[in-house]
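Q: Give me the fold of what follows.
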Amino acid sequence: MATDAASLSQDLKGEKASVWSVLPGFRESYPGLLALIIIAVFCQLPGLPWPITVYHLLHYIDQVLPPIYGKGLFTDLLHFNYVVISLVVGILIRNLIGVPKSWEKGLSYYSIFLHAGIIMLGSQYLLRDMVKLGTVTIIIMTVFVFGSCALLITMGRLFKLEDSLCGILAAGFGMCGVTAAVATAPMIRARTEQITYAIAATVSFGIFCMIGLPALGQLLNISQYSFGVISATGVPNSAQVIATGFMYGFEAGKVAGFVNIGRIVLIPAGALFIYFFAMTRDVLGREKINVLQVIRERFPIYVLGFIAVWLANCLHLFPKPAVFAMDKVMIWFFTLSFVGLGLQTKLSDVRKAGIRGAIVAYIAGTIKLVLAIVVVVILMRQGYLR
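A: This next block holds a predicted model:
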């Protein structure tokens with residue numbers, strides 16, 4: 001009681017709380033943070049010699065089960081990487097076993113881990129990766145990234161979806177799936193169930209692309225290079241982009257990987273585009289718009305961190321061992337973040353989003369994919385693409 005009275009008196013005086021005042025809150029968060037770390041270790045953290053992990057279990061199951069088209073079910077076809085494994089494990093624990101109340105405050109730290117991981121993500125890409133693509137490919141990629149974001153947000157408004165849900169779906173389907181969705185989520189104030197909803201929609205749409213696109217490419221006699229561009233343009237999730245390309249051929253897989261890097265480089269610009277397109281309808285209705293104030297109040301600092309690290313890497317300020325280490329640390333942060341996201345996701349809340357969001361995302365995704373195939377095939381036959 002004395003502590004509460006002191007805090008109230010301090011608030012009434014308008015004084016800022018000291019850094020030390022958060023220590024009791026940190027101690028209350030300790031059980032949840034410890035749970036995040038333990039679960040992440042069992043999912044798999046790179047560099048830790050811990051053999052009992054979900055990833056190793058799935059890899060063992062793939063070796064026991066008969067291969068499908070010469071590939072393993074979980075690791076090759078469904079691409080259960082650290083993102084999917086962490087998220088699925090967290091969701092299963094939350095909805096099948098339950099989460100103790102003592103964990104709740106610690107689980108809220110997932111956003112801090114997420115921001116740190118996004119900043120580290122900038123260390124993995126260089127400007128020269130985009131230069132290698134060529135002018136035509138870069139134009140195609142850029143137009144489809146921003147065009148598909150605008151298409152999905154517009155359709156979402158027609159279907160009367162929430163702005164935050166429109167934005168998170170646009171990030172997932174317009175840019176590079178899971179990475180773009182989680183990178184954009186803090187800026188557009190997306191709730192945990194909306195993030196999970198968007199991830200589920202992008203991953204499921206990507207599975208259909210993986211199954212159907214290679215067969216369609218063979219039917220249309222699309223070249224390896226052109227199919228790689230189609231994969232990176234039409235398939236939303238990064239892992240499935242590369243998988244779809246390699247299912248068509250080795251060269252297509254390499255091209256898909258390069259083009260997908262270009263999409264990831266556009267995440268900061270794409271996130272800003274989505275924010276001003278999807279989140280400022282109330283602001284646009286006013287007579288005066290103070291853009292600088294909107295940026296200052298709502299623009300997340302982590303995006304600036306991502307840009308700063310990316311520019312530093314483009315200038316080769318990081319030695320190769322540091323870049324390698326930052327990649328591993330990034331995976332650690334993302335794993336902790338996705339475990340926390342899954343542990344906070346109630347499937348009952350996801351169902352509240354309804355089927356309209358999935359319908360909008362699938363329609364927009366299909367339109368984008370069809371346009372990508374048409375544009376790339378025309379350019380290929382005109383000799384603009386190899």
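
Q: who's in contact with Ile39?
A: Applying Cβ atoms under 8 Å, 6 or more residues apart in numbering, we find Ile39 in contact with 89-90, 93, 339, 343. In this view, the C-beta of every residue, glycine as well, is placed from N, C-alpha and C.

Q: For the stretch 151-300 of the chain, which residues score under the pLDDT cut-off?
A: Within the stretch 151-300 of the chain, the set of residues satisfying pLDDT under 70 comprises 239, 278-300.

Q: can you map out the helices along it?
A: Ranges of helices in the stretch 151-300 of the chain, per DSSP state H, counting those that start in this stretch, are 163-174, 178-184, 192-220, 224-234, 238-248, 250-265, 267-278, 281-284, 291-298.

Q: For Thr135, find the nearest of those helices.
A: helix 250-265 (12.0 Å; Cβ to Cβ).

Q: which helices and strands does that closest one pack with?
A: Judged by 3 or more Cβ pairs under 8 Å, 6 or more residues apart in numbering; DSSP states H and E, the packing partners of helix 250-265 are helix 127-131, helix 135-158, helix 178-184, helix 224-234, helix 238-248.

Q: With only the CA atoms kept, save it in PDB.
A: What follows is helix 250-265, C-alpha atoms only, in PDB (Å, rounded to 0.1, in the frame of the first residue of the first chain):
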ATOM      1  CA  PHE A 250      17.900 -25.300 -59.800                       C
ATOM      2  CA  GLU A 251      18.300 -22.100 -61.800                       C
ATOM      3  CA  ALA A 252      14.700 -21.100 -61.000                       C
ATOM      4  CA  GLY A 253      15.400 -21.600 -57.300                       C
ATOM      5  CA  LYS A 254      18.500 -19.400 -57.400                       C
ATOM      6  CA  VAL A 255      16.600 -16.600 -59.300                       C
ATOM      7  CA  ALA A 256      13.700 -16.900 -56.900                       C
ATOM      8  CA  GLY A 257      16.100 -16.400 -54.000                       C
ATOM      9  CA  PHE A 258      17.700 -13.300 -55.500                       C
ATOM     10  CA  VAL A 259      14.400 -11.700 -56.400                       C
ATOM     11  CA  ASN A 260      13.000 -12.500 -52.900                       C
ATOM     12  CA  ILE A 261      16.000 -10.600 -51.400                       C
ATOM     13  CA  GLY A 262      14.800  -7.600 -53.300                       C
ATOM     14  CA  ARG A 263      11.400  -7.900 -51.800                       C
ATOM     15  CA  ILE A 264      12.900  -8.100 -48.300                       C
ATOM     16  CA  VAL A 265      15.000  -5.000 -48.900                       C
END
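
Q: List the contacts of the residue nearest the centre of the chain.
A: Centroid-nearest residue in the chain, with Cα atoms, centre = their mean: Thr179, separated by 2.0 Å. By Cβ under 8 Å, 6+ apart, the residues touching Thr179 are 121, 238, 264, 267.

Q: mind giving me CSV with these and columns for neighbour count?
A: Below are the contacts of Thr179 laid out as CSV (neighbours: other Cβ atoms under 10 Å):
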residue, neighbour count
Leu121, 23
Ser238, 26
Ile264, 20
Ile267, 25
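
Q: how about the helices and strands packed on helix 250-265, which one is nearest Leu385?
A: helix 224-234 (5.0 Å).

Q: That closest one to helix 135-158, inter-axis angle?
A: In terms of direction (axes from the mean of the first three to the mean of the last three Cα atoms, to 10 degrees), helix 224-234 departs from helix 135-158 by 30 degrees.

Q: Run through the neighbouring helices and strands of helix 224-234.
A: helix 135-158, helix 192-220, helix 238-248, helix 250-265, helix 356-381.

Q: Out of those helices, which is the most enclosed?
A: Highest mean neighbour count of the helices and strands packed on helix 224-234: helix 238-248, a mean of 25 (counted as mean count of other Cβ atoms under 10 Å).

Q: how much does it deviate in direction from helix 250-265?
A: 160 degrees.

Q: Hey, what's the angle from helix 238-248 to helix 192-220? Just curious.
A: Angle between the axes of helix 238-248 and helix 192-220 is 10 degrees (criterion: the same axes, to 10 degrees).
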